[in-house]
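In: The following comprises the amino acid sequence and a computationally predicted model.
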Amino acid sequence: MRSRRPNAGLVDEEQEYLQTPEPVPVPERFWSFETDGPFERCLVCHRSFRDEPVPYLIEKAYERDEVVLELAVCAICQTEMMREFSEASLKLMQHFIGEHVDVEAQMRQFSEQFAGDVEPWVSKCLIRRSPVDPKAGYRVAARCVGEVLDTRFPPNAISVAALEDMMKILSPQTKGFLNDFTEKYFGVPTGNDVPTILPV
Ligand SMILES: [Zn+2]
């Protein structure tokens with residue numbers, strides 16, 4: 001019976017949208033600058049990304065085209081970290097992102113247009129929608145699973161100017177947590193290179 005088919009009744013375009021895309025190996029842009037290869041372990045819990053199919057977030061901060069900070073954190077640790085954010089900060093950040101980004105449209109656009117090259121997606125600021133300025137700095141983020149890009153989450157870039165706007169709305173508690181985090185793992189005080197640890 002036709003009605004028993006999954007997705008029966010969807011128009012062709014929607015059917016296509018729901019199809020599982022071809023796996024895309026983690027792009028070199030999201031390899032570790034330090035090892036010149038894909039990230040292999042979670043920065044926090046050291047879980048192996050190869051042995052366990054847990055999604056992970058990669059963030060790299062650039063200044064004058066140089067990588068100044070990079071990290072890969074598994075989804076479990078990311079959730080734990082976000083628990084340290086104050087409720088007020090989380091709400092404000094969600095509001096801030098919602099004001100500037102149509103997340104669903106972004107995901108749909110990515111699934112329709114992505115052809116294997118992440119550069120078009122990381123050369124424009126997600127928040128300001130203008131090209132990122134390498135001199136001023138920016139950070140890129142992507143979500144991966146095992147050895148492939150998680151294409152349900154479009155890779156993105158956020159300019160330093162937009163990051164500064166985002167940092168302004170955070171509570172002292174959340175800023176304190178991010179400061180401690182960067183100090184613990186990178187031995188540097190928080191600047192604009194702070195990881196955002198957000199699934200955007
Ligand atoms: Zn972890």
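Out: The structure has been received and is ready for your questions. Numbering: from 1, shown residues only.
In: contacts and neighbour counts: CA atoms only from here.
Out: OK.
In: Now do the helices in the chain.
Out: Using DSSP state H, the helices of the chain run over 12-18, 75-84, 87-100, 103-113, 119-122, 160-168, 172-186.
In: so which of those helices gets nearest L57?
Out: Proximity to L57 (CA to CA) singles out helix 75-84 among the helices of the chain, at 7.0 Å.
In: Return the set of buried residues in that closest one.
Out: For helix 75-84, the neighbour count (16 or more other CA atoms under 10 Å) marks A75, C77, Q78, M81, M82 as buried.
In: next one: stretch 136-156
Out: By neighbour count on 16+ other CA under 10 Å, the buried set for stretch 136-156 is 137-151, 153-156.
In: From the buried residues of helix 75-84, pick the one nearest C42.
Out: Using CA to CA, C77 comes nearest to C42 of the buried residues of helix 75-84, at 8.3 Å.
In: distance of that closest one from the ion?
Out: According to CA to the ion, to the nearest Å, C77 and the ion sit 4 Å apart.
In: and that residue, what pLDDT?
Out: In this model, C77 is scored at 94, pLDDT.
In: you'd agree it is up against C45?
Out: Yes: here C77 reaches C45: they are 7.2 Å apart, a contact under CA atoms under 8 Å.
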